[in-house]
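Novice: Can you look at this prediction? I've put the sequence above it.
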Amino acid sequence: MAEHPASDSPVHDISEAECLKLLGLFEFGRIAFRVGDVLDVFPINYHAAERAITFRTAPGTKLATALQADEVVFEIDNIGVKEAWSVIGHGTARRLEAADELKAAEQLPIHPLIPTAEREFIRIDLERVSGRRFHRWAPPAASSATAVDATD
């Protein structure tokens, strides 16, 4: 990893437009939500378009709790050699039930990791999206000034 310029921060916010673009370039992420005292996180294969995340699931815990949650958090990230980034979206989940929505969802390129009999489509309507990019520079020498605060 290269040394970084002393005046340049290794952490940068990602614009909402770029966050939405990144969501559209990938197909695997995680959803998290709380129902009562239970907090759950699930990996999902998804399709992103505009401000919506669509995924497919079988009836069960993921479906039932995602639909009961007041808010769903969706996250993707990428770690490369020179940089890492993370995009987080907040919204609400709903089951697709209208015939036209289901027909359109069936055509989406959602590729499960393993073949399953998933029968339900869920859409997360994103209300806000944010992201951060992290430049992966060499660590500062022991005699250098204080490193970047992890809570920054």
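Specialist: Received it, and whenever you're ready, just let me know what you need. Residues are numbered from 1 along each chain as shown.
Novice: Poorly predicted segments of this structure, please.
Specialist: 1-7, 118, 138-152 (pLDDT under 70).
Novice: redo that, cut-off 80
Specialist: Within the chain, the stretches with pLDDT under 80 are 1-8, 59-65, 113-119, 137-152.
Novice: longest single helix anywhere in it?
Specialist: If each helix of the chain is counted by residues according to DSSP state H, the longest one is helix 16-25.
Novice: Okay, buried residues for it please.
Specialist: 16, 19-20, 22-23 (16 or more other Cβ atoms under 10 Å). From N, CA and C alone the C-beta is placed, and that goes for glycine too.
Novice: Any chance of a markdown table for these, columns distance to Phe55?
Specialist: Shown next, in a markdown table, are the buried residues of helix 16-25 (distance: Cβ to Cβ, whole Å):
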| residue | distance to Phe55 |
| --- | --- |
| Glu16 | 21 |
| Cys19 | 18 |
| Leu20 | 17 |
| Leu22 | 17 |
| Leu23 | 12 |
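Novice: Of these, which is the nearest to Ala84?
Specialist: Taking Cβ to Cβ as the measure, Leu22 is the one of those closest to Ala84, at 12.3 Å.
Novice: what's the closest non-adjacent residue to that closest one?
Specialist: Counting by Cβ to Cβ, 6 or more residues apart in numbering, Val87 is the residue found nearest to Leu22 once chain neighbours are left out, at 5.2 Å.
Novice: What's opposite Phe42 in the beta bridge?
Specialist: Counting by DSSP bridges, Phe42 is bridged to Ile31.
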